[in-house]
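K.L.:
no sequence on hand, only this structure:
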């Protein structure tokens, strides 16, 4: 019996995507690789709904966060970081590490950012060069209303840089990059893309490229300009994770055949299915339904239950792998991933297992439901 | 008919290694991944002949070069870079990019570094904090006498940091890290390790860790300390290229079963076989036999022959993929990789194809042999 891998990435991959991972190596500076990276780039532009340049980096998503910072900012630049959890905080931490003067606008764990507060912060200080924002906060299962936030930002500062961590949203939930006028937006292969980890993908607008020209934080491995100049000849500057490119090539064909509208509908439906099922078990969600993520659901660990013990029992006795809480939410929540290759049957199996496991770790539904 | 991929990485992978690449995803923060990264780390320590910490990074080899610089040095630090080609120059470039005050000691393309000149440079300026050196220069097919260089360095500066780019040598040719007292030594999965690209592996000595403590260049994605603290709990700080870890786990078992002595003997034998075969065709090698690399051979493009045209004909008509020249050697050499999964039959097929292709692109053996 295969494992029910219900973490928010790496996500399970389809058989043909995995098969592509086992292809024999090719010359990463030859014509076949040029065809692959060309196809991938064009497909990502369509799925990102952007005419911007799209670059691929061989790294984890955190590498893409770092790349966004070091390519567009300089030491001492003021940046506003809108944080609703661990990954928003990481965005701020990385910028601070590289000398950016970051003001973090934090919202309570489990809530979304208030666009009005973003506007207020920008009005109070006209020196901000960039706003950094997480679209979908994987640590709390909350999706920001990025459209409203972007509109609010542009209403005050039409030309400010908007840098978006869309690692666990792009390709799974609506995020039309050009329509929302976003400058740097990045994701990772191991999320809704149904591909193993190893590739980060980033969209860079004209405004983003202008920032690159003046940005002075040193960069080499993650240099956008090097990536772009090599992409123009069908290569990457450094040896790419070739197998992940093979796999992405296959996965993108599947995603394009399905179409963005159906992909988005599928994630919306499975998110609702998960939340409904969790509530039916008498459990409470961390996030309000209005802001709940369509890719990952955070569930409060009921009183009297040991969160890590529950996750361990689910794994060892029910073959179901959940994610725990991160940072301040460690032990307080568990999380169910429902992005990429996942069906209602997978989620039902997860809910069924929870129903059996919960009482065994001390859960009393009647109490929790009050 | 399968392609004869004769570039110096990515190298062909064994079937079972490729099969491991197609394994379904697992939780990168669960016990199974902890077992894998634990096994990989211990196996690499044995094959690196070191008791130092060994870290794995999800990046290309160039990411490992960057990591070595940003983790051990500060802006304004003096470093001596011993360069015998493109990758030595890259090491210097990366250090300069991050504000290191680099003096480059360059040797002619196709030659090895002279340990005496390294000693002289260190004697002239006692402010050097580190020496950066490439073990095997992939762009010229030359292996430095790293043992002699390290001894020369230590004779003048017993406590200086020695940072070694061993990307295309470690695991293929002798490089006993502890015996030679080297501080930071790194390689990449796609070389002699017979694994697809996506993982870099680095050994950090006590002296290296002391440097990390005082080094002030900002770092995040490539932070050794974060990698070490997560490794201690069987994880990586950021989502790792999980599939490459599966593959490395399989490849290392094969390499350990073969044993270092036999691996080294195999590469030495195949290097000699390649050079003998190339010379028998009437071609000239870039490097002297005494310094010629056991993992990649650089061949001078004979007068009157168009190098890129030869490589293209080899690829399109003889199913054999060679590497071209890089940087100043573009068009002047072609290169034959013979590291990792490669047999005498593969190399003979490559030589046979060259014999047929060369006259068709204007080669006249008699002339070249003069």
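P.N.:
The structure has been received and is ready for your questions. The model shown is predicted, which means the values in this text are computed figures rather than measured ones.

K.L.:
which residues touch the top helix by length along chain A?
P.N.:
In terms of residue count, the longest helix belonging to chain A (DSSP state H) is helix A:260-280. Helix A:260-280 is touched from outside by A:47, A:49, A:171-174, A:192, A:255, A:258, A:285, A:289, A:292-295, A:297, A:299, A:336, A:338-339, A:342-344, A:347-348, A:351, A:354, with contacts defined as CB atoms under 8 Å, 6 or more residues apart in numbering or on different chains. All C-beta atoms are positioned from the backbone trio N, CA, C, and that covers glycine.

K.L.:
quick one: secondary structure of residue A:187?
P.N.:
The three-state assignment at residue A:187 reads strand, by DSSP: H, G, I helix; E, B strand; the rest coil.

K.L.:
any idea how far it lies from chain B?
P.N.:
Using CB to the nearest CB, to the nearest Å, we find residue A:187 at a distance of 12 Å from chain B.

K.L.:
if you skip the residues just before and after it, what's nearest to that residue?
P.N.:
For residue A:187, the nearest residue in space outside its immediate sequence neighbours is residue A:170; the separation is 3.8 Å by CB to CB, 6 or more residues apart in numbering or on different chains.

K.L.:
which ones are touching that neighbour?
P.N.:
By CB under 8 Å, 6+ apart, residue A:170 lies in contact with A:48, A:135, A:185-187, A:191-192, A:201.

K.L.:
reformat those residues as JSON lines; add pLDDT.
P.N.:
Supplementary listing: those in JSON lines, determined by pLDDT from 0 to 100:
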{"residue": "A:48", "pLDDT": "98"}
{"residue": "A:135", "pLDDT": "98"}
{"residue": "A:185", "pLDDT": "98"}
{"residue": "A:186", "pLDDT": "98"}
{"residue": "A:187", "pLDDT": "98"}
{"residue": "A:191", "pLDDT": "98"}
{"residue": "A:192", "pLDDT": "98"}
{"residue": "A:201", "pLDDT": "98"}
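
K.L.:
whichever of these end up buried, select them in ChimeraX.
P.N.:
Here is the ChimeraX selection string for the buried members of those, based on 16 or more other CB atoms under 10 Å in any protein chain shown:
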select /A:48,135,185,186,187,191,192,201
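
K.L.:
tell me which of the contacts of residue A:170 is nearest to chain B?
P.N.:
Of all the contacts of residue A:170, the one sitting nearest chain B is residue A:191; the distance, using CB to the nearest CB, is 9.6 Å.

K.L.:
could you tell me which residues within stretch A:23-35 count as buried?
P.N.:
Judged by neighbour count using 16+ other CB under 10 Å, the buried positions of stretch A:23-35 are A:23-30, A:33-34.

K.L.:
so what touches that stretch?
P.N.:
A:233-236, A:239-240, A:242-243, A:245-246, B:2-3, B:5, B:7, B:10-13, B:18, B:190, B:196-197, B:315, B:321, B:323.

K.L.:
can you map out the helices along chain A?
P.N.:
Counting by DSSP H, the helices of chain A are A:15-21, A:31-47, A:61-72, A:86-97, A:115-124, A:146-156, A:206-214, A:224-231, A:242-258, A:260-280, A:307-318, A:344-360, A:365-369.

K.L.:
make a markdown table from these and add mean pLDDT to it.
P.N.:
Supplementary listing: these in a markdown table, determined by pLDDT from 0 to 100:
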| stretch | mean pLDDT |
| --- | --- |
| helix A:15-21 | 98 |
| helix A:31-47 | 98 |
| helix A:61-72 | 98 |
| helix A:86-97 | 98 |
| helix A:115-124 | 98 |
| helix A:146-156 | 98 |
| helix A:206-214 | 98 |
| helix A:224-231 | 98 |
| helix A:242-258 | 98 |
| helix A:260-280 | 98 |
| helix A:307-318 | 97 |
| helix A:344-360 | 98 |
| helix A:365-369 | 59 |
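
K.L.:
which one of those helices is the most hemmed in?
P.N.:
Neighbour counts averaged per stretch over the helices of chain A are highest for helix A:61-72, at a mean of 28; criterion: mean count of other CB atoms under 10 Å in any protein chain shown.

K.L.:
what residues does the stretch 251-370 of chain A put near chain B?
P.N.:
Contacts of the stretch 251-370 of chain A with chain B, taken as CB under 8 Å from any CB of the partner chain, map to A:315, A:321, A:323.

K.L.:
going by distance to chain B, which of those residues wins?
P.N.:
Taking CB to the nearest CB as the measure, chain B lies nearest residue A:321 of these, at 4.9 Å.

K.L.:
give me the number of residues near that closest one?
P.N.:
With neighbours defined by other CB atoms under 10 Å in any protein chain shown, the count for residue A:321 comes to 21.

K.L.:
so it makes contact with residue A:313?
P.N.:
No. Here residue A:321 lies out of contact with residue A:313, judged by CB atoms under 8 Å, at a distance of 11.7 Å.

K.L.:
now do stretch A:292-300: distance from first to last residue.
P.N.:
13 Å (CA to CA, to the nearest Å).

K.L.:
apologies, that question was intended for stretch A:99-119.
P.N.:
24 Å.

K.L.:
so how far is that stretch from its chain's centroid?
P.N.:
Its chain's C-alpha centre lies 18 Å from the corresponding centre of stretch A:99-119 when counted by CA atoms, centre = their mean, to the nearest Å.

K.L.:
do it and chain B come into contact?
P.N.:
Yes. Contact between stretch A:99-119 and chain B, assessed by CB under 8 Å from any CB, occurs at residue A:99.

K.L.:
list the buried residues for that stretch?
P.N.:
A:99-100, A:102, A:104-105, A:107, A:109-115, A:118-119.

K.L.:
farthest-apart pair in these, please.
P.N.:
A:99 and A:110 (31.5 Å; CB to CB).

K.L.:
export the contacts of residue A:170 to CSV and append columns for distance to residue B:270.
P.N.:
As requested, the contacts of residue A:170 are exported to CSV (distance: CB to CB, whole Å):
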residue, distance to residue B:270
A:48, 45
A:135, 51
A:185, 47
A:186, 42
A:187, 42
A:191, 42
A:192, 44
A:201, 38
